[in-house]
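*Asks:* fold the following, please.
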Amino acid sequence: MHRILLDTDFLLQCIRWKIDVFTELERLFPTSKIKICVFDRTLEELQGKKDSPLALAFTKRMELIKTGSTLPVDDLLLEHGQEADTIVATQDKALKEKLKKASIPIITIRKQRYLVM
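*Replies:* Below you'll find the predicted structure:
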């Protein structure tokens, strides 16, 4: 089973560009079970942002990882991304570079229409 951790900006971009993240992830992993996850800190970051009500509604279909941490979401993604069968979904360029250096698989949005790994 693959565990996919979603970054705040990735989630917001999927909503802005009307990308069905659930369908797209099933397309990327047709033969694997997937678990889509967000951190409690991600929900905190979503508060007050444009499109946050829709994003928060989306997260109800995802597994919530309660960290109890004050670390930034990017640091949590780097830390938890090192666990086996974990993939990080992000659009953040700086975070993508850090993930690549740590050999953590990444999912991004391509052409504002679909997801790629």
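
*Asks:* got the contact list for the helix or strand of the chain with the lowest mean pLDDT?
*Replies:* The helix or strand of the chain with the poorest confidence is helix 52-59; it has a mean of 82 (mean pLDDT, DSSP states H and E). The contact list for helix 52-59 (C-beta atoms under 8 Å, 6 or more residues apart in numbering) reads 11-12, 14-15, 21, 38, 42-43, 46, 49. Every C-beta, even on glycine, is put in place using the N, C-alpha and C of the backbone.

*Asks:* which of these ranks first by neighbour count?
*Replies:* Leu11 (27 neighbours; other C-beta atoms under 10 Å).

*Asks:* skip the chain neighbours and tell me the closest residue to that residue.
*Replies:* Distances taken as C-beta to C-beta, 6 or more residues apart in numbering put Ala55 closest to Leu11, at 5.2 Å, once the chain neighbours are dropped.

*Asks:* look up how far Gln47 lies from that neighbour.
*Replies:* Per C-beta to C-beta, to the nearest Å, Ala55 is found 10 Å from Gln47.
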